[in-house]
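1. sequence isn't available, so here's the structure alone:
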């Protein structure tokens, strides 16, 4: 019984890592599509969302199957609970990547518009957080998960700065308001991606230590 449970857990872990890799890839493509104003690349992200949705459903069903058949306890139960939560956050990151990609459809029509927001720095930060949270998951790295949580405030600060800049730009260029608003919304999507990434890191902390890190403030080296 214990051997079968471990095999089911190993299979679940493989599926989770595969979903995480797919979501990370789609996020990168979405940012590249905005940067290059590439509508074709954006379409790949949008059309590929159904694959992420299906994997999310399959992973959830696998978790419920393990719970029903093996009735895991202790570490195994904690792991499955964490997987269910991370699964949801990964699917939401995939949705937000689609939202970013959809921005390209409008912005591509305004190739002459200058982007006043340095959201590529923000995107790089969010991507780095996602990479670290997934590395923390794969390597069961508690310290790395804590460092991801510490980075979330940086992304929030960037988004607030962009909001102030947006207000000024929209007054100076009202004729480009629609495109500017769409570009600004990218920063909001990036902030939400960073939030979901932080959730994943917090679930890694719970999975490893059993401690619920949510809503806590911690000093980091």
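-> Alright, I've got the coordinates. Here the structure is a predicted model, which is why all the values come from computation and not from measurement. Residues are numbered from 1 along each chain as shown.
2. can you classify residue 189 by secondary structure?
-> What DSSP: H, G, I helix; E, B strand; the rest coil gives for residue 189 is helix.
3. and what of residue 134?
-> Using three-state DSSP, the secondary structure recorded for residue 134 is helix.
4. in stretch 153-169, what counts as buried?
-> Using 16 or more other Cβ atoms under 10 Å as the test for burial, stretch 153-169 gives 155, 158-159, 162, 166, 169. C-beta here means a position set from N, CA and C on the backbone, and glycine is covered the same way.
5. filter the residues you listed down to just the ones in helices.
-> Counting by DSSP state H, these place 155, 158-159, 162, 166, 169 in helices.
6. confidence score at residue 20?
-> Looking at residue 20, its pLDDT stands at 93.
7. give me the element it is part of.
-> Secondary structure assigned from DSSP states H and E places residue 20 in helix 2-36.
8. was I right about residue 158 contacting residue 187?
-> Yes - with contact defined as Cβ atoms under 8 Å, residue 158 counts as touching residue 187 (7.4 Å).
9. overlap in contacts, those two.
-> 119, 122 (Cβ atoms under 8 Å, 6 or more residues apart in numbering).
10. and the spatially closest residue to residue 148 that is not a sequence neighbour, what is it in contact with?
-> Closest residue in space to residue 148, ignoring its immediate chain neighbours: residue 201 at 3.7 Å, by Cβ to Cβ, 6 or more residues apart in numbering. Listed by Cβ under 8 Å, 6+ apart, the contact partners of residue 201 are 129, 132-133, 136, 145-146, 148-149.
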